[in-house]
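J.: Sequence isn't available, so here's the structure alone:
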Ligand SMILES: O=c1ccn([C@H]2C[C@H](O)[C@@H](COP(=O)(O)O)O2)c(=O)[nH]1
């Protein structure tokens, strides 16, 4: 995509999200000089606003996080929250670890996985939703609106809590938690109390209990949870918003 601006030809090359804001990178190119002069990051608008704009409703599902492939191709200007060093491919890797652990869950309906990563980019905790240790066969996996004693809800230990409890480091202060599902309000409290500073989640299914969801949102608002985007989704997002930029 070639644009001309003040005698400089600009090649739109990459885009990404930093701290919940959507950025576009332009590789500037002067015909009289060498290719690739610089990469500039321009903040456009909060990503959530972009997701909600009617123009982008059709791609709402795909507007869910980071434009990973493009970012991987670009030189990484730094970690999104100061939590992960190195390339953005790390993000995909950590979310995949969380997904791998979700697979271990015996919950027939909702398998959740979590992976805690420290500021050096090392995994220091993993967990999935499971019944309490040693009591794995003692409680039902049944669902039920009433959430009574014959359902899983009063017994199951959530993935985030397990990841925190399973930590291999002294503490998880300043860490990032990659979790396959938006945390509930109880996990939000555990995340905050443990000192985890960043939350990256994959899916956000509609909540059974809107009060609990709202509480989770409020609790995590200080952390600014961020939704993860796969490589494919990132490319879709780029494609879907390019026409709008060219209007
Ligand atoms: O933050 C969360 C929220 C939920 N979970 C677990 C607990 C249960 O095993 C399922 C939720 O069951 P539904 O059938 O989808 O109601 O997910 C968790 O680990 N972390």
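T.: Here it is on my side, so go on. These numbers were taken from a predicted model, which means no experiment stands behind them.

J.: Run through this protein and note the low-pLDDT ranges.
T.: 1-88, 231, 234, 244-247 (pLDDT under 70).

J.: Tell me where it has helices.
T.: 47-52, 68-73, 89-102, 159-165, 185-194, 210-220, 231-246 (DSSP state H).

J.: among the ones you listed, which is the most enclosed?
T.: Greatest average neighbour count among the helices of the chain goes to helix 159-165 (a mean of 25), per mean count of other CB atoms under 10 Å. C-betas here are computed from N, CA, C, even on glycine.

J.: Pop the domain breakdown of the chain in here.
T.: Here the chain is described, according to the TED database, as comprising the domains 1-46, 88-233.

J.: Quickly compare these and say which is most buried.
T.: domain 88-233 (a mean of 18).

J.: Any residues of the protein in contact with the ligand? List them.
T.: The chain has residues 107, 109-110, 112, 129, 143, 152, 156, 158-160, 181, 183-184, 187, 208 near the ligand, with proximity defined as CB under 6 Å from any ligand atom.

J.: so residue 113 touches residue 160, yeah?
T.: No - assessed by CB atoms under 8 Å, residue 113 is found out of contact with residue 160, at 9.7 Å.

J.: shared neighbours of these two, anything?
T.: 127, 179 (CB atoms under 8 Å, 6 or more residues apart in numbering).

J.: circling back to that earlier point, which of the domains of the chain sits closest to residue 241?
T.: domain 1-46 (8.0 Å; CB to CB).

J.: where exactly do the strands run in the protein?
T.: 2-5, 8-18, 21-29, 39-46, 113-117, 123-128, 176-181, 198-203, 226-227 (DSSP state E).

J.: Neighbouring strands of the fifth one in the sheet, and parallel or not?
T.: The reference is to strand 113-117. strand 123-128 (antiparallel), strand 176-181 (antiparallel) (DSSP bridges).

J.: Okay, angle between that strand and helix 89-102 too, please.
T.: Strand 113-117 runs at 140 degrees relative to helix 89-102, counting by axes from the mean of the first three to the mean of the last three CA atoms, to 10 degrees.

J.: hmm, back to that, could you dump the domains of the chain to a markdown table with distance to residue 243?
T.: Formatted as a markdown table, the domains of the chain follow (distance: least, CB to CB, whole Å):
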| stretch | distance to residue 243 |
| --- | --- |
| domain 1-46 | 11 |
| domain 88-233 | 18 |
